[in-house]
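Colleague: Below: sequence and its predicted model.
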Amino acid sequence: MGDNKWEAFAQDFEQSNNYVVGVKDITLVKSELRRLKDLGNVLELGCGNGTYTECFLETATAITATDISEQMVTITFDRFAQQDHVSVEVADCFKLQYADASFDTVFMANLLHVIPNPELALAECFRVLKAGGRLIVLSFTLHGMTWLNQLMLKYRYSRKYGTKSTSSIILTPQLAATMVQPLGFKVSSSCLMGANVKAVYLRAEKLAE
């Protein structure tokens, strides 16, 4: 995946995201994720420092939280060291080291709109999911936000993280759905959530091959 600029922000990544997005909207998103039930064996891609990993502690039988950043993985490993059903590993979302049909649920947070060739990562999600397994996608987006809130978000982002990736796109619920459907996923819902800052929230199921 090349150089990973997020390495530099690993130590205070959660606090930085709270500043950029806002605690109110992150709390709203996390409360929605906690409503998911019967997740089984979960693979999380782009776990960062575990902000969303904690949402699945009560609803997953096992969690494999992964990130391309070794620093992020180290922080997340320490964060969940007392949770026996959580493992934390370095993984490349474009070339996962896991066997076919290994997981009941794959969760991607804030990856789909920033990675190049997102379809390749989604194809890997499809491969490692069991038939009937669930794909959960969460990505913050400028779509659906007021002009003023967009301006304020861009300011906070540039102040904290600098310039956006050249591969970054403005994700919409419809675009997210059109990305996953050709791979064999059946979309159960794809919508926007959030107050001042919006997030695309997609849920889909892997159809039996």
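Modeller: Perfect, I can see it now.

Colleague: For residue 132, the count of nearby residues, please.
Modeller: 11 (other CB atoms under 10 Å). Where you see a C-beta, it was placed from the backbone N, CA and C, and this is true even at glycine.

Colleague: any idea of the mean pLDDT in the helix or strand hosting it?
Modeller: Residue 132 is part of strand 129-141 when elements are defined by DSSP states H and E. Across strand 129-141, the average pLDDT comes to 95.

Colleague: Just checking: what are the partner strands of that strand?
Modeller: For strand 129-141, the paired strands and their directions (DSSP bridges) are strand 103-109 (parallel), strand 198-206 (antiparallel).

Colleague: Check which residues of that strand are buried.
Modeller: Neighbour counts over strand 129-141 (16 or more other CB atoms under 10 Å) mark 129-130, 133-141 as buried.

Colleague: C-alpha coordinates for it, PDB please?
Modeller: Extracted in PDB, the C-alpha atoms of strand 129-141 (Å, rounded to 0.1, in the frame of the first residue of the first chain):
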ATOM      1  CA  LEU A 129     -16.400 -14.300   4.400                       C
ATOM      2  CA  LYS A 130     -18.500 -17.400   4.900                       C
ATOM      3  CA  ALA A 131     -21.600 -17.800   2.700                       C
ATOM      4  CA  GLY A 132     -24.300 -15.700   4.300                       C
ATOM      5  CA  GLY A 133     -21.600 -13.700   6.200                       C
ATOM      6  CA  ARG A 134     -22.000 -10.000   6.700                       C
ATOM      7  CA  LEU A 135     -20.000  -7.000   5.400                       C
ATOM      8  CA  ILE A 136     -20.300  -3.800   7.500                       C
ATOM      9  CA  VAL A 137     -18.900  -0.600   6.000                       C
ATOM     10  CA  LEU A 138     -18.600   2.700   7.800                       C
ATOM     11  CA  SER A 139     -17.000   5.700   6.100                       C
ATOM     12  CA  PHE A 140     -17.300   9.400   7.000                       C
ATOM     13  CA  THR A 141     -18.200  11.500   4.000                       C
END
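
Colleague: Would you mind telling me which of the strands paired with strand 129-141 is nearest residue 171?
Modeller: Residue 171 sits nearest to strand 198-206 of all the strands paired with strand 129-141, at 4.9 Å, using CB to CB.

Colleague: got a list of contacts for the closest one?
Modeller: Under the contact criterion CB atoms under 8 Å, 6 or more residues apart in numbering, strand 198-206 has outside partners 25, 29, 32, 112-113, 126, 129-145, 171-173, 176-177, 180, 184-193.
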